[in-house]
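Novice: just coords:
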């Protein structure tokens with residue numbers, strides 16, 4: 001039978017989120033209904049909220065959470081009613097999928113319709129519904145609040161270091177942007193044994209906070225050219241530079257911060273774009289060619305949630321990934337507009353969550 005839900009709606013023509021009561025339909029054969037514990041606030045939703053591109057309809061948004069399964073479709077085999085789960089925007093394992101997730105439409109109280117975005121899911125609500133490919137089991141021996149952020153910033157930042165770049169022990173790393181994604185990248189680099197691990201940001205409090213997660217050096221980008229400083233600190237540039245912001249300047253700086261290759265010999269460093277780019281960017285292709293450098297894109301940390309989430313939870317249990325410290329602010333569902341306003345003002349030191 002249908003499940004009552006109180007959900008956050010992004011109106012078609014306004015940037016202010018609204019709470020509405022809707023009825024979630026019975027899950028289709030491949031869907032799961034999840035009663036939420038917690039969900040994270042992400043810059044990706046800020047992009048959606050303030051996008052200059054007109055929306056085709058109202059949207060249900062959010063893409064990382066924890067909860068408990070209250071109903072499931074007949075073809076869902078990996079979880080059952082009563083199981084604790086994480087939800088995430090990246091399919092958990094496409095190699096095992098025997099169907100294609102589809103966008104779902106929901107009727108709002110005013111008779112209009114809302115839909116999910118490109119991720120075919122949403123998490124801003126007390127009850128939500130998602131395709132089984134976006135639902136990952138959550139063990140019973142870990143908290144249900146801070147683990148909500150594994151489904152986006154941890155997966156994206158830590159995955160970029162481990163999966164996309166394949167950073168090895170002793171290699172040098174610079175991370176541009178010490179927010180939730182960047183701190184997760186820093187933590188992963190520390191677990192792997194990278195050295196040095198350089199955090200780059202414009203805020204001293206974020207640089208100090210980054211050292212709690214394994215950064216060995218902080219570089220304030222407002223105090224001088226961060227690329228020059230990185231080259232000074234590493235005698236020529238890092239092995240890997242991660243852009244966890246996607247700004248025009250950082251997309252250029254990450255490439256320039258990597259080491260130059262040796263002609264006829266060793267390859268240069270690798271820049272990895274992790275943050276969502278906000279605009280097109282011009283890159284110095286001669287520097288890339290002559291320096292034998294590489295530029296990689298990392299969508300969701302190149303992660304396979306079924307494979308990677310258990311590892312991130314192991315890091316958490318071992319104290320190597322301090323999710324408790326990473327969650328620095330908490331809001332109620334009714335305070336979601338205040339939460340996003342704080343995020344837009346740069347007031348969230350680590351990651352913020354909505355508790356339900």
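Specialist: Received, thanks. What you see is a predicted model, and the numbers here were worked out from it, not measured in a lab. Residues are numbered from 1 along each chain as shown.
Novice: In which helix or strand does residue 286 reside?
Specialist: Secondary structure assigned from DSSP states H and E places residue 286 in helix 285-290.
Novice: Residues touching that helix, excluding its own?
Specialist: Here helix 285-290 makes contact (Cβ atoms under 8 Å, 6 or more residues apart in numbering) with 255, 256, 260, 263, 293, 294, 295. Placement of C-beta: from N, CA and C, glycine included.
Novice: Next up, the contacts around the second one.
Specialist: Contacts for residue 256 (Cβ under 8 Å, 6+ apart) come out as 227, 284, 287.
Novice: could you redo the last one with a cut-off of 10 Å?
Specialist: 225-228, 230-231, 237, 241, 269, 271, 283-284, 287-288, 291, 293 (Cβ atoms under 10 Å, 6 or more residues apart in numbering).
Novice: Please convert the buried members of these into PyMOL selection syntax.
Specialist: Buried residues among the contacts of residue 256 (16 or more other Cβ atoms under 10 Å), as a PyMOL selection:
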select buried, resi 226+227+230+231+237+241+269+271+288+291+293
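Novice: and the contacts of residue 256, which of them are in strands?
Specialist: 241, 271 (DSSP state E).
Novice: which among the contacts of residue 256 gets closest to residue 53?
Specialist: Proximity of the contacts of residue 256 to residue 53 (Cβ to Cβ) peaks at residue 283, which lies at 24.7 Å.
Novice: Just read off the phi/psi values of the closest residue to that closest one other than its chain neighbours.
Specialist: Closest residue to residue 283 apart from its sequence neighbours, by Cβ to Cβ, 6 or more residues apart in numbering: residue 255 at 6.1 Å. The phi/psi pair for residue 255 (degrees, to the nearest 10) reads phi -70, psi -50.
Novice: Strands of the stretch 51-200 of the chain, residue ranges please.
Specialist: Secondary structure of the stretch 51-200 of the chain by DSSP state E, counting those that start in this stretch: the strands cover 58-60, 64-72, 84-88, 105-107, 113-116, 127-131, 135-137, 173-176, 197-201.
Novice: ok and the third one relative to strand 64-72, angle-wise?
Specialist: What it means is strand 84-88. Computed by axes from the mean of the first three to the mean of the last three Cα atoms, to 10 degrees, the angle separating strand 84-88 from strand 64-72 equals 120 degrees.
Novice: could you check the angle strand 127-131 makes with strand 84-88?
Specialist: Computed by the same axes, to 10 degrees, the angle between strand 84-88 and strand 127-131 is 70 degrees.
Novice: Which elements pack onto strand 84-88?
Specialist: strand 31-40, strand 64-72, strand 127-131, strand 135-137, helix 153-159, helix 305-317 (3 or more Cβ pairs under 10 Å, 6 or more residues apart in numbering; DSSP states H and E).
Novice: Strand partners (parallel or antiparallel) of it?
Specialist: Here strand 84-88 is paired, per DSSP bridges, with strand 64-72 (antiparallel), strand 135-137 (antiparallel).
Novice: any idea how far residue 67 is from residue 83?
Specialist: Distance of residue 83 to residue 67, given as Cβ to Cβ, to the nearest Å: 10 Å.
Novice: Who has more neighbours out of these two?
Specialist: residue 67 (28 against 17; other Cβ atoms under 10 Å).
Novice: how about the nearest residue to that one, chain neighbours excluded?
Specialist: residue 34 (3.9 Å).
Novice: Count residues in the vicinity of the residue nearest to residue 283, would you?
Specialist: Neighbours around residue 255, by other Cβ under 10 Å: 28.
Novice: what's the answer for residue 317, then?
Specialist: 12.
Novice: Give me the pLDDT value at it.
Specialist: We note a pLDDT of 98 for residue 317 in this prediction.
Novice: Give me the pLDDT for the nearest residue to it once chain neighbours are set aside.
Specialist: Once flanking residues are discounted, residue 317 sits nearest to residue 142: 7.0 Å by Cβ to Cβ, 6+ apart. We have a pLDDT of 98 for residue 142.
Novice: just the one 5 residues further on next, same as before
Specialist: Per-residue confidence for residue 147 comes out at a pLDDT of 98.
Novice: I figured it hits residue 309, correct?
Specialist: Yes - if you go by Cβ atoms under 10 Å, residue 147 and residue 309 touch, sitting 9.1 Å apart.
Novice: Same drill for these two, tell me which one is more crowded.
Specialist: residue 147 (26 against 23).
Novice: on that earlier part again, compare the strands of the stretch 51-200 of the chain and give me the one nearest residue 324.
Specialist: That would be strand 64-72 among the strands of the stretch 51-200 of the chain, by Cβ to Cβ, at 14.1 Å.
Novice: In that closest one, which residues are buried?
Specialist: Counting neighbours by 16+ other Cβ under 10 Å, strand 64-72 gives 64, 65, 66, 67, 68, 69, 70, 71, 72 as buried.
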